[in-house]
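J.: The following comprises the amino acid sequence and a computationally predicted model.
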Amino acid sequence: MTALREDGGFEATASSLVPLFRPQLPELVARITQDIQTNVPAYAGPAHGRRHRLITLAVNGAVSHFLDLLEGGGTSGDRVDDLFRKMGYGEALGGHDLSAMRASYRIARHQGWEYLRSFAVAQELSAETLGLLGDALLAYIDHLTEQASIGWRTARETIERDRDRNRRRLVVALLEGRNSDVPTLAAHAGWEIPDRFVVLAVAPRRRRDSLELPDLGPSAIVNAGPDSAAVLTAPDGVDAVMKTLRSASPAVRFAFSWPVARPDLPDAHRWVIRALELGAAGVITDGAVIDCGRHRTQLWLHSEPALRRGMVQELLRPLLAETPNSREILSETLLAWLETRDSAPAIAGRLGVHPQTVRYRWKRINEIFGEALHDPDFIVQITMLLKASVPLWKAGDQSDFERFHAEENA
């Protein structure tokens, strides 16, 4: 191909080259996009996915604007600059640095330079012109890098000013045990980490309602969703927090832990959530406010629901086979004996029945369980099972019996 004249200055030469280069634009955009998704793990994804479309949009916009500038600068770069600022802003909001974007710029610079160099050879351009084109490409990529950095810094400043957002993130970090994130988040949240914590789980009183949480003041940090909230406070601040929550009743119900050390926060969070579940199921009958310290045994017994269900089917099978009325009175009588080891008259007084009724029931209990009642391990196990299960049954949970009959009829 005959060489283009270069005696009209770089601007004129570049402007005359752009129409010849534009047909390669789709191929160059596709190559850069593919290389970015292949070599930058953070931006990997399917060839026709949303991330692929976003990268293609950004690359196409940048390359098209660069060519417009070479051709004479007739189009404004505000739209492209805004796009890259938004990309940097999004990286910051996602908790990421700009390393993935910088890796993408390096790929774009390399691919762009290779295409320019091959084009220059085909057009028999001088080394000087090629060098000027390369300088223009590098300057433009530096400009886009700065736009992304501006967006990233803007987002970081916004995040650091957003105390509530950082407090929510701090709650999540503490409850997930992500200790490395805690100092920075605590500084941005303006919350001093205490030596010990009280954990609260808050939910609407009625399940179909959305949670409307009152302002709990500066002593608490909160991560609230539409139907539940996790609250952390120091022990000396819990009274004020609970007073505010009580003032919101009957709209909300909540459970609170005893003071725990920081390593125990994930466990304490699990306990208060479980306490609310047991309250909703009727096993814990404290009403809108549940003190987990008063229900440690029930929380322990219900910490593994699947294990309880399996052991009920294995160890209490003779009891499950009784009629509904029989299993209710027998389980109540057996549990009373296991808990007290009292005489028939004492158990009768506790249950409000005649001693002879207790003796009759005890005879039936011996018939269905037999020698197992003399096995210490069996006694320990069924004591725990009945303490966990009888409150469920009384609250109306029939799943143990339904499961038994389903297995029997299978």
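T.: Ah, there it is. Not measured: the values here are computed from a predicted model. Residues are numbered from 1 along each chain as shown.

J.: For the rest of this, base every contact and every neighbour count on C-alpha atoms.
T.: Will do.

J.: Endpoints of stretch 213-226, how far apart?
T.: 10 Å (CA to CA, to the nearest Å).

J.: Tell me which stretches of the stretch 51-200 of the chain form helices.
T.: For the stretch 51-200 of the chain, helices defined by DSSP state H, counting those that start in this stretch occupy the ranges 78-93, 99-122, 127-161, 163-175, 182-189.

J.: and residue 330, what is it in contact with?
T.: Counting by CA atoms under 8 Å, 6 or more residues apart in numbering, residue 330 makes contact with 319, 361-362, 364-365.

J.: can you tell which of the helices of the stretch 51-200 of the chain is closest to residue 284?
T.: Closest to residue 284 of these, according to CA to CA: helix 163-175, at 24.3 Å.

J.: Output the contacting helices and strands for that closest one.
T.: Other elements packing on helix 163-175 under the criterion 3 or more CA pairs under 8 Å, 6 or more residues apart in numbering; DSSP states H and E are helix 127-161, helix 182-189, strand 220-224, strand 229-233, helix 265-281.

J.: What are the contacting residues of it?
T.: Helix 163-175 is contacted by residues 159-160, 179, 181-182, 185-186, 188-191, 221-224, 230-232, 262, 265-266, 269 when judged by CA under 8 Å, 6+ apart.

J.: which residue is nearest the middle of the protein?
T.: Centroid check for the chain by CA atoms, centre = their mean gives residue 172 as the closest residue, at 7.8 Å.

J.: Could you pull out the buried residues of stretch 376-391?
T.: Buried residues in stretch 376-391, counted by 16 or more other CA atoms under 10 Å: 382-391.

J.: scratch that, stretch 261-268
T.: Buried, per 16+ other CA under 10 Å, within stretch 261-268: 262, 265-266, 268.

J.: Residue 70: which of these is nearest?
T.: Of the buried residues of stretch 261-268, the one sitting nearest to residue 70 (CA to CA) turns out to be residue 266, at 58.1 Å.

J.: Report pLDDT for that closest one.
T.: On pLDDT, residue 266 comes in at 94.

J.: now do the one 10 residues further on
T.: The pLDDT attached to residue 276 in the predicted structure is 93.

J.: OK, contacts around the closest residue to it other than its chain neighbours?
T.: In this structure, residue 276 finds its nearest non-sequential neighbour in residue 255, 6.2 Å apart by CA to CA, 6 or more residues apart in numbering. For residue 255, the contact set (CA under 8 Å, 6+ apart) comprises 200-202, 272-273, 275-276, 289-292.

J.: let's see it at 6 Å
T.: 200-201, 272, 289-291 (CA atoms under 6 Å, 6 or more residues apart in numbering).

J.: number of nearby residues for residue 56?
T.: The local packing of residue 56 (other CA atoms under 10 Å) involves 19 other residues.

J.: State the distance from it to residue 257.
T.: 51 Å.

J.: where along the stretch 201-350 of the chain do the helices fall?
T.: Counting by DSSP H, counting those that start in this stretch, the helices of the stretch 201-350 of the chain are 238-247, 265-281, 296-301, 305-315, 317-320, 324-340, 344-351.

J.: just those: most buried one?
T.: Of the helices of the stretch 201-350 of the chain, the one with the most neighbours on average (mean count of other CA atoms under 10 Å) is helix 265-281, at a mean of 20.

J.: Next, the angle from that one to helix 163-175.
T.: 100 degrees (axes from the mean of the first three to the mean of the last three CA atoms, to 10 degrees).

J.: Out of the helices and strands packed on helix 163-175, indicate the one that is most buried.
T.: strand 229-233 (a mean of 23).

J.: which secondary structure elements does it contact?
T.: strand 196-204, strand 220-224 (3 or more CA pairs under 6 Å, 6 or more residues apart in numbering; DSSP states H and E).

J.: Output those in JSON lines, with distance to residue 311 and mean pLDDT appended to each entry.
T.: Listed next are the helices and strands packed on strand 229-233 as JSON lines, based on distance: least, CA to CA, whole Å; pLDDT from 0 to 100:
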{"stretch": "strand 196-204", "distance to residue 311": "29", "mean pLDDT": "94"}
{"stretch": "strand 220-224", "distance to residue 311": "36", "mean pLDDT": "93"}
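
J.: and of the ones you listed, who's closest to residue 128?
T.: strand 220-224 (60.1 Å).

J.: Show me what the closest one is packed against.
T.: In terms of contacts (3+ CA pairs under 6 Å, 6+ apart), strand 220-224 is packed against helix 163-175, strand 229-233.

J.: quick one: which of these is nearest residue 315?
T.: Per CA to CA, nearest to residue 315 of the helices and strands packed on strand 220-224: helix 163-175, 36.1 Å.

J.: wait, which of the buried residues of stretch 376-391 is closest to residue 328?
T.: Lowest distance from residue 328 to these (CA to CA) belongs to residue 390, with 8.3 Å.

J.: what comes into contact with the helix or strand where that closest one lies?
T.: Take DSSP states H and E as the rule and residue 390 turns out to sit in helix 376-394. The contact list for helix 376-394 (CA under 6 Å, 6+ apart) reads 283, 301.

J.: can you give me the angle that helix makes with helix 305-315?
T.: Using the same axes, to 10 degrees, helix 376-394 lies at 110 degrees relative to helix 305-315.

J.: Show me how far helix 376-394 is from its chain's centre.
T.: 35 Å (CA atoms, centre = their mean, to the nearest Å).

J.: ditto for stretch 245-265
T.: That offset, for stretch 245-265, works out to 20 Å (CA atoms, centre = their mean).

J.: Okay, now the unreliable bits of the stretch 251-400 of the chain?
T.: Within the stretch 251-400 of the chain, no stretch falls below the threshold (pLDDT under 70).

J.: go on, the stretch 1-150 of the chain?
T.: 1-9, 73-76.

J.: Mind doing that once more with 50?
T.: Applying pLDDT under 50 to the stretch 1-150 of the chain flags residues 1-8.

J.: Neighbours of residue 202, how many?
T.: There are 25 residues near residue 202, going by other CA under 10 Å.

J.: Tell me who's in contact with it.
T.: 228-229, 253-254.

J.: One more: residue 56?
T.: Counted by CA under 6 Å, 6+ apart, residue 56 has contacts residue 33.

J.: Check the gap between it and residue 338 for me.
T.: 71 Å.

J.: Residue 263 now?
T.: Counting by CA to CA - residue 263 and residue 338 are separated by 36 Å.
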